[in-house]
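A.B. asks: Dropping a prediction and its sequence here:
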Amino acid sequence: MTTLGNLLLSLSAVGAIFSIAAFVIGHRMGEKHGESATNAGYIATFIIAGTTTLANLILVFAFFRQDWTFMYVVQNHSTDVSNLAWLFKLSGWWAGREGSLLFWAWVLTVFTAYIAWKRMGITDKLSNIGLAVTNFVQLFFLAALFIPMNNPFQVTPAGMVDATGKLLTNAAMNPLLQHWAMILHPPTLFIGYAGLTIPFAFALAAVFIGDGSKRWVELVDRITVFSWLMLGIGIGLGAIWAYVVLGWGGYWAWDPVENASLLPWLTGVAMLHSFTVYRRREGFKRWAVMMASTSFVLVLLGTWITRSGVLGEGASVHTFAADPWSLWLFLSMMVASIAVPAIGLYIRKEQFAGNDDFESLTSKESSYYFNNVIMLFAALVVAAMTMAPALFKGLSFGPPSYDLLARPFGILYVAIMAVCPILSWRKTDGAAFWSRAKWPFAIAGVISAGLLTLWATVILPNYSPDPKRLAALKGLAGAMPIIDHTQAVIGLIVASLAIALPLYLFFDGARKRAASKGESFGAALLRILTKSRTQSGGYLTHLGIGIILVGLIGSAMYVKDLQLSTGATPGSKFSAGGYEFVLKGIEESTLKNGDVQTVVNLDIMRNGTKIGTSKPGSLQYAVQQQTRLNADVHSELFRDIFVAFQGQQGEQLSFNVKINPMIWWTWIGFLMTCIGAGLASWPKHRPEPVAVVAAPQKRKK
């Protein structure tokens, strides 16, 4: 079966080469005479999708059959025996380097086949070259799979399995990956990564053929929003996984691989806003092309960081073993993917000259411009800081350095985002702005009063300066509380406006529609949500970002972190953050696969009244010979009580307890953002964009 898998990959690679040639020949022959060649390219694209799908199915079946002839299955099979065991078997597909690349290549073939199906009835230059570029990217990933360290169809060497089929190695899936969030986190990321190939390919196609119209944007905008949405969901699921599995009580640590997934999400924001100006105003054409290209390059950069070993061993809990082949392969692709469109835009500068000027800093265009600048700047700075250990020996940046930049720029960005919907194109008249802003500002004032009250009563009491930040700030260490509190207050006021404005716009829009159409308020609101999906989705996304900002301020800046211990006898107590924890007992059991599970039962008390239970513990894996902490989280509206069992020494039990204020606001805002992006990516029927060919002008004598 491993031979068949490699054969299918070879057929996919041959199909990719054939499809590229067919599309290029069809393009050169023209729309009238090149239809047969173009159709051959479409058919080859469908064949690639079929052969790659079969290759992936072979690997999936190997996991479910526990086929130890596949070395990848040996190294990444799950040992879980819970009700989710079958899903963990499936997740072995993308758990390691080789399988994740194969999964990624398959998702890309699905996107490409979908585009080919949608464009098959239309023989046009843009589709030809766009699909040729997409198939070239497919060929690149297929080529990467033939590198020995990336090939999931390698045969298990002798000595790892005995004659009876019994494994002679403790290789298996990393215990940290055997959690429900990791069933969903990697595939959603890879869907987002693969999907961002499509806007890159069609941007490059538009540059190649010199078509500066908005056709290419209209063809890819919904797929782009969907891909950005899936990337965001993947990042969010990774944050949830880190929060409950890694045992450190946080969800973002500026880890290099965490940063790698964030980078294309940031430039994706700039790309989507550039698309809006491109469609509506024929502006930001170069921005749109370069943000599509930069987002794709940053996707490759994330893969490079994860798989090449460029940052050194132990740089991240997420990285794979070093691979020099991947290092140079992905590096060359990154350089080409940014250089080719940049050179192309220089050559085609007249065709891509857009309406980029704005008359006033208070115009809608200026807010889009600053949005792009901030997102691009943030992505480049985070990328540079992440790559610093590889570029400059001995130089590295920790979370305090990232936070020092991210917090003020994040607040500034949300402020610009918040006011953008009520600005006017070209120039915003003061009176017109005030007529739109007065009610949102009034609502924001009420929300601000409530949030600042929460800050003073719920959030602020948890404040304790982080020793690592104190060391990093050095001369500014004494001013850190002032800096933190000032940023928090300003951030909450900005978040209030970000929340108030979309709420008011929905209310006002539904009220006006109900009055003009004779509909009920609820029916009018539903029509706005379902008919103006792009705009409504944008407003919901802005609302979600505002809610997330509140959650970030509480759960990232005002965490009470305590290391505590108590006796091992029932009735022993310890206190943290106004809560008392009473030990009820310790349970230890051996699962049928030999894993040893430990659970510590605690009652949570406040003011002498039991408000809940906490059951932190650990799981010792027999095969992998590793231990995973199973933290427990007791959630309330305004805080989480995070408890991790750190182990037992003699008659003492050790715990890490964290009080995380407002963290549920982060999750709720994340969900709201996903709903908004999902609404905006909901397909909408549009008439086929028609290419407008200018009549040739007579040459002056």
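C.D. replies: On my side now, so go ahead. Residues are numbered from 1 along each chain as shown.

A.B. asks: next structured bit after whichever helix in the chain runs longest?
C.D. replies: Longest helix of the chain, by residue count under DSSP state H: helix 480-517. Using DSSP states H and E, the helix or strand that follows helix 480-517 towards the C-terminus is helix 521-531.

A.B. asks: Just say helix, strand or coil for the residue nearest to Ser575 when sequence neighbours are not counted.
C.D. replies: Leaving aside its sequence neighbours, Ser575 sits nearest to Phe581 (Cβ to Cβ, 6 or more residues apart in numbering; 7.3 Å). Just so you know, the C-beta spots here come from the backbone N, C-alpha and C atoms, and that holds for glycine as well. Under DSSP: H, G, I helix; E, B strand; the rest coil, Phe581 falls in the strand class.

A.B. asks: Also the one 5 residues further on?
C.D. replies: The three-state label for Ile586, taken from three-state DSSP, comes out as strand.

A.B. asks: Can you give me every residue that contacts it?
C.D. replies: Ile586 sits next to Ala568, Thr598, Val599, Val600, Asn601, Leu653 when contact means Cβ atoms under 8 Å, 6 or more residues apart in numbering.

A.B. asks: I'd like to know how far the first one sits from Ile547.
C.D. replies: Remark: distance between Ala568 and Ile547 (Cβ to Cβ, to the nearest Å) = 42 Å.

A.B. asks: if you count what's nearby, which of those two comes out ahead?
C.D. replies: Ile547 (23 against 16; other Cβ atoms under 10 Å).

A.B. asks: got a list of what the more buried one touches?
C.D. replies: Ile547 sits in contact with Ala495, Ile499, Trp665, Thr666, Ile668, Gly669, Met672, where contact means Cβ under 8 Å, 6+ apart.

A.B. asks: What is the neighbour count of the third one?
C.D. replies: Burial measure for Trp665: 24 neighbouring residues, criterion other Cβ under 10 Å.

A.B. asks: What separation do you get for it and Gly551?
C.D. replies: 3 Å.

A.B. asks: What of the fourth one?
C.D. replies: Taking Cβ to Cβ as the criterion, Thr666 is separated from Gly551 by 3 Å.

A.B. asks: neighbour count winner among those two?
C.D. replies: Thr666 (26 against 21).

A.B. asks: Quick check: pLDDT value at that one.
C.D. replies: We have a pLDDT of 94 for Thr666.

A.B. asks: Now do the SS call for it.
C.D. replies: Following three-state DSSP, the label given to Thr666 is helix.

A.B. asks: Do I have it right that it meets Gly546?
C.D. replies: No. Contact criterion Cβ atoms under 8 Å: Thr666 and Gly546 do not qualify, at 11.8 Å.

A.B. asks: Spell out which residues make up each domain of the chain.
C.D. replies: The record's domain parsing of the chain by automatic domain parsing lists 1-178, 193-248+257-353+360-385, 410-558, 560-663.

A.B. asks: Tell me which of those domains sits nearest to Ala677.
C.D. replies: Among the domains of the chain, domain 193-248+257-353+360-385 comes nearest to Ala677, with 3.8 Å by Cβ to Cβ.

A.B. asks: Please settle this for me: is Ser337 part of a helix?
C.D. replies: Yes. Ser337: assigned to a helix according to three-state DSSP.

A.B. asks: Quick check: which ranges of the stretch 451-600 of the chain have low pLDDT?
C.D. replies: Residue ranges of the stretch 451-600 of the chain with pLDDT under 70: 468-478.

A.B. asks: can I get the contacts of Ile586 in TSV with distance to Ala194 and secondary structure?
C.D. replies: Formatted as TSV, the contacts of Ile586 follow (distance: Cβ to Cβ, whole Å; DSSP: H, G, I helix; E, B strand; the rest coil):
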residue	distance to Ala194	secondary structure
Ala568	51	coil
Thr598	40	strand
Val599	40	strand
Val600	42	strand
Asn601	45	strand
Leu653	46	strand
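
A.B. asks: Make JSON lines from those and add distance to Ser12 to it.
C.D. replies: What follows is the contacts of Ile586, written out as JSON lines (distance: Cβ to Cβ, whole Å):
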{"residue": "Ala568", "distance to Ser12": "58"}
{"residue": "Thr598", "distance to Ser12": "47"}
{"residue": "Val599", "distance to Ser12": "47"}
{"residue": "Val600", "distance to Ser12": "51"}
{"residue": "Asn601", "distance to Ser12": "53"}
{"residue": "Leu653", "distance to Ser12": "55"}
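
A.B. asks: which one among those gets closest to Gly121?
C.D. replies: Gly121 has its nearest neighbour among those in Val599, at 60.3 Å by Cβ to Cβ.

A.B. asks: Contacts only, for the residue nearest to the closest one when sequence neighbours are not counted.
C.D. replies: The shortest distance from Val599 to any non-neighbouring residue, by Cβ to Cβ, 6+ apart, is to Gly617 (4.0 Å). With Cβ under 8 Å, 6+ apart as the criterion, the residues that contact Gly617 are Gln597, Thr598, Val599, Val600, Leu629, Asn630, Asp632, Phe645.

A.B. asks: okay but the residue nearest to Ser575 is in contact with Arg606, surely?
C.D. replies: No. At 10.6 Å, Phe581 does not count as touching Arg606 under the criterion of Cβ under 8 Å.

A.B. asks: Those two - which one has more neighbours?
C.D. replies: Each of Phe581 and Arg606 has its neighbours counted (other Cβ under 10 Å); Phe581 has more, 23 against 14.

A.B. asks: list the contacts for that one?
C.D. replies: Neighbours of Phe581 in contact, by Cβ under 8 Å, 6+ apart: Thr566, Lys573, Phe574, Ser575, Leu602, Asp603, Ile604, Met605, Ser614, Val643, Phe655, Val657.

A.B. asks: Please report how far it lies from Gln597.
C.D. replies: 21 Å.
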